[in-house]
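Q: fold the following.
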Amino acid sequence: MLRITLCLLAAILTPSACDTVHKNIYQPPVCDGRPVIGGASVYGTRPATPFLYTIAAAGRRPMTFTAKGLPGGLTLDRHTGIITGQVDAAGAYTVTVGAANAGGRDTAELTLVIGERLALTPPMGWMSWNQFGPDISETLIRQVADAMVESGMRDAGYQYIFIDDHWHGKRGADGIISPHPDKFPGGMKALSDYVHSKGLKLGIYSDAAEHTCGGEPGSLGYEDNDAGTYAEWGMDYLKYDYCGAPKDRAAAVERYRTMADALNRTGRSIVFGVCEWGPRQPWLWAADSGGHLWRTTWDIRDSWLHRGLYDSGHAGILTVLDKQVGLEQYAAPGRWNDPDMLVVGLRGKGKSSSHDGANGCTEDEYRSQMSLWCLLAAPLYASCDVRTMDEATRSILTNTEAIAVNQDPLGKQARRIAKTGDLEVWGKPLSGGQWAVGLLNRSGAPAAITADWKAIGIEGAWYARDLWRHETLGVFTGTLTREVKSHETVLLRLWPKQD
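A: The predicted structure is shown next:
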């Protein structure tokens with residue numbers, strides 16, 4: 001059974017609560033800056049392709065790392081925790097990773113799955129579109145990479161930086177696309193090398209038509225050219241949009257399959273994000289078409305409900321959430337429903353997400369989105385300016401107890417267990433027989449919300465821990481009731497009381 005050790009990222013600077021999960025027991029010791037390993041405990045990549053994994057560890061720096069049982073071809077930088085190299089032989093490898101500083105040491109098991117399965121936990125990273133729109137550059141991406149390390153986001157498990165639309169230059173007579181010479185004068189290969197040196201991965205964007213949503217060159221008819229170029233640049237992810245493409249499902253299936261096959265032929269491990277927005281029900285076909293995740297909704301806006309509307313320009317947190325009901329059956333390791341980016345910390349200042357009444361959310365609403373997206377096993381893509389985010393935003397994005405719910409290796413998506421008016425209970429099975437439960441108050445006033453054991457499908461006595469208060473609440477039998485603020489989601493972890 002996997003063991004995952006968790007701690008608040010605030011432990012980098014100050015004491016905080018941390019927790020150890022072993023089988024179905026969740027025991028919270030106290031940590032005070034000592035190393036605490038978190039992040040994904042299972043990681044998949046293809047054989048004979050460049051390998052990159054960073055041990056996510058909170059705690060005071062300097063820190064040194066160990067990795068026992070690494071398969072041949074991999075090496076660890078003991079000062080950064082970055083594992084690189086190449087594994088030629090397919091198989092599952094159990095590695096014991098460790099982190100140590102002057103205050104102590106922590107270890108955890110990491111399972112490396114070398115084969116054809118990627119994204120075995122929901123991808124985590126930062127995406128440029130919501131905050132910056134077309135105003136991107138290699139300078140910005142380098143600064144974001146630095147900020148993700150300095151802020152502790154990488155150490156909380158965030159792995160990717162995604163370059164969205166408008167990176168493009170021109171396509172040459174040979175069919176090869178180039179980056180915009182003014183925005184990316186150093187070229188994409190040098191940029192990916194820099195991002196990789198930080199222990200992070202780089203993603204890029206294209207479209208399954210002649211042009212992208214922003215009018216840049218799309219990949220239709222150039223799939224092998226573009227896939228090969230992305231691989232040469234060292235890209236690790238492709239977000240593939242659907243602007244300008246046919247409306248029927250059959251065309252979407254064919255176009256996404258064509259690009260997925262082209263990516264596979266490169267021999268590089270490139271995660272494939274299907275950005276079709278939901279009208280053609282990609283949860284029914286995207287995995288079979290080579291996708292590792294698929295958008296289930298229109299673009300999210302920086303709002304709680306966005307006046308209750310839902311269309312391509314109006315999708316708040318709750319309107320997107322409602323579209324996930326019933327989709328839990330389609331989520332599993334390597335195949336994820338994607339309800340779009342986290343709007344946490346945008347505060348009404350995003351280029352794309354902040355218009356037509358989307359003027360930002362409260363802290364409770366941002367915290368609710370983080371809770372709900374973790375329950376949904378959704379990809380976690382921050383989209384605020386991480387270079388300048390305030391402490392409240394950082395603490396939401398780097399809550400490793402919440403992130404552990406998202407990254408749980410069982411790979412189950414939460415379902416809505418109960419709904420009484422504006423009060424809802426969501427439940428997500430976790431590895432080791434544990435559960436994560438969310439108590440959502442959509443209303444404009446505080447309310448008591450009860451989680452009923454029978455509705456969840458459990459019985460007996462269970463411990464409960466509030467993952468935002470970082471407080472173990474006690475033992476509960478049959479039901480658990482909490483007072484929940486307006487627009488708040490109380491996020492709980494449950495584990496059975498041992499006899």
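
Q: so how far is Tyr205 from the residue located most distally from the centre of the chain?
A: Farthest-out residue of the chain from its mean C-alpha position, per Cα atoms, centre = their mean: Ala173, at 37.5 Å. Remark: distance between Ala173 and Tyr205 (Cβ to Cβ, to the nearest Å) = 23 Å. (Each C-beta comes from the backbone N, C-alpha and C, glycine too.)

Q: go on, Gly244?
A: Distance from Gly244 to Tyr205, by Cβ to Cβ: 14 Å.

Q: the two: who's more crowded?
A: Tyr205 (25 against 15; other Cβ atoms under 10 Å).

Q: can you classify that one as helix, strand or coil?
A: With DSSP: H, G, I helix; E, B strand; the rest coil as the basis, the three-state label of Tyr205 is strand.

Q: residues in contact with it?
A: Phe162, Ile163, Asp164, Asp165, Trp167, Thr212, Leu238, Lys239, Tyr240, Asp241 (Cβ atoms under 8 Å, 6 or more residues apart in numbering).

Q: how about these in CSV, adding secondary structure and neighbour count?
A: CSV is the format used below for the contacts of Tyr205 (DSSP: H, G, I helix; E, B strand; the rest coil; neighbours: other Cβ atoms under 10 Å):
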residue, secondary structure, neighbour count
Phe162, strand, 25
Ile163, coil, 29
Asp164, coil, 25
Asp165, coil, 22
Trp167, coil, 25
Thr212, coil, 22
Leu238, strand, 24
Lys239, strand, 24
Tyr240, strand, 26
Asp241, strand, 24
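
Q: list the contacts of the nearest residue to Trp233 once chain neighbours are set aside.
A: Of all residues not flanking Trp233 in the chain, Met188 sits nearest, at 4.0 Å (Cβ to Cβ, 6 or more residues apart in numbering). By Cβ under 8 Å, 6+ apart, the contact list for Met188 reads Pro179, Ile204, Trp233, Gly234, Met235.

Q: and for Arg387?
A: Gln143, Val144, Ala147.

Q: repeat that for Lys412.
A: Listed by Cβ under 8 Å, 6+ apart, the contact partners of Lys412 are Glu328, Ala331, Ala332, Ala377, Lys428, Pro429, Leu430.

Q: output the residues you listed as a markdown table; include the columns pLDDT.
A: Formatted as a markdown table, these follow (pLDDT from 0 to 100):
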| residue | pLDDT |
| --- | --- |
| Glu328 | 98 |
| Ala331 | 98 |
| Ala332 | 98 |
| Ala377 | 98 |
| Lys428 | 98 |
| Pro429 | 98 |
| Leu430 | 97 |
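
Q: what are the phi and psi values for Gln86?
A: phi -160, psi 130 (degrees, to the nearest 10).

Q: quick check: it touching Thr45?
A: No - contact criterion Cβ atoms under 8 Å: Gln86 and Thr45 do not qualify, at 9.4 Å.

Q: can you check which residues contact both of these two?
A: With Cβ under 8 Å, 6+ apart, Gln86 and Thr45 have common neighbours Phe51.

Q: neighbour count for those two, which is higher?
A: Thr45 (23 against 16).

Q: who's the more buried one bridged to?
A: Beta-bridge pairing for Thr45 (DSSP bridges): Ile114.

Q: give me the below-cutoff pLDDT ranges for the chain.
A: For the chain, the stretches flagged by pLDDT under 70 are 1-31.

Q: nearest residue to Arg307 in space, ignoring adjacent ones along the chain?
A: Gly357 (6.4 Å).

Q: before we move on, what about Met370?
A: In space, Met370 is closest to Ile396, 5.2 Å off (Cβ to Cβ, 6+ apart).

Q: quick check: the one you found is in a helix.
A: Yes - counting by three-state DSSP, Ile396 is located in a helix.

Q: distance of it from His470?
A: For Ile396, the distance to His470 - Cβ to Cβ - is 13 Å.

Q: between the two, who's got more neighbours?
A: Neighbour count, other Cβ under 10 Å: between Ile396 and His470, Ile396 has more, with 22 against 17.

Q: my read: the more buried one touches Tyr366, true?
A: Yes - using Cβ under 8 Å, Ile396 is in contact with Tyr366, at 5.8 Å.

Q: residues that sit against both of those two, list them.
A: Counting by Cβ under 8 Å, 6+ apart, the residues touching both Ile396 and Tyr366 are Val344, Gly345.

Q: now do the helices in the protein.
A: Counting by DSSP state H, the chain has helices at residues 129-132, 138-150, 188-197, 223-233, 249-265, 317-322, 363-375, 391-397, 400-406, 453-456.

Q: export the contacts of Met188 as a markdown table, with columns for distance to Ile300.
A: Output for the contacts of Met188, formatted as a markdown table (distance: Cβ to Cβ, whole Å):
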| residue | distance to Ile300 |
| --- | --- |
| Pro179 | 27 |
| Ile204 | 21 |
| Trp233 | 28 |
| Gly234 | 29 |
| Met235 | 24 |
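
Q: what is the neighbour count of Trp298?
A: Neighbourhood size, Trp298 [other Cβ under 10 Å]: 19.

Q: contact partners for it?
A: Going by Cβ under 8 Å, 6+ apart, Trp298 touches Trp277, Gly278, Tyr310, Asp311, Ser312, Gly313, His314, Ala315, Asp340.

Q: try Ala455
A: Applying Cβ under 8 Å, 6+ apart to Ala455 gives the contacts Ile417, Ala418, Val425, Gly427.

Q: now do the second one: how many residues are near it, please.
A: What that stands for is Ala418. When counting by other Cβ under 10 Å, one arrives at 16 neighbours for Ala418.

Q: just the one 10 residues further on next, same as before
A: Under the neighbour criterion other Cβ under 10 Å, Lys428 is assigned a count of 24.

Q: run through the bridge partners of it.
A: Counting by DSSP bridges, the residues bridging with Lys428 are Ala436.

Q: thought Lys323 was touching Trp283?
A: No - using Cβ under 8 Å as the test, Lys323 is too far from Trp283 to be in contact (10.6 Å).

Q: rewinding a little: let me have the contacts of Trp298 in CSV, extended by distance to Gly69.
A: Formatted as CSV, those follow (distance: Cβ to Cβ, whole Å):
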residue, distance to Gly69
Trp277, 42
Gly278, 42
Tyr310, 49
Asp311, 51
Ser312, 49
Gly313, 51
His314, 50
Ala315, 45
Asp340, 37
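
Q: any of the residues you listed buried? List them.
A: Among the contacts of Trp298, those classed as buried by 16 or more other Cβ atoms under 10 Å are Trp277, Gly278, Tyr310, His314, Ala315, Asp340.

Q: and the closest residue to Leu480 other than its chain neighbours, what does it touch?
A: Spatially, and ignoring its direct neighbours in sequence, Leu480 is nearest to Ala451 (4.8 Å; Cβ to Cβ, 6+ apart). If a contact means Cβ under 8 Å, 6+ apart, then Ala451 has Ile417, Ala418, Val425, Gly427, Val437, Leu439, Thr479, Leu480, Thr481, Leu492 as its contacts.
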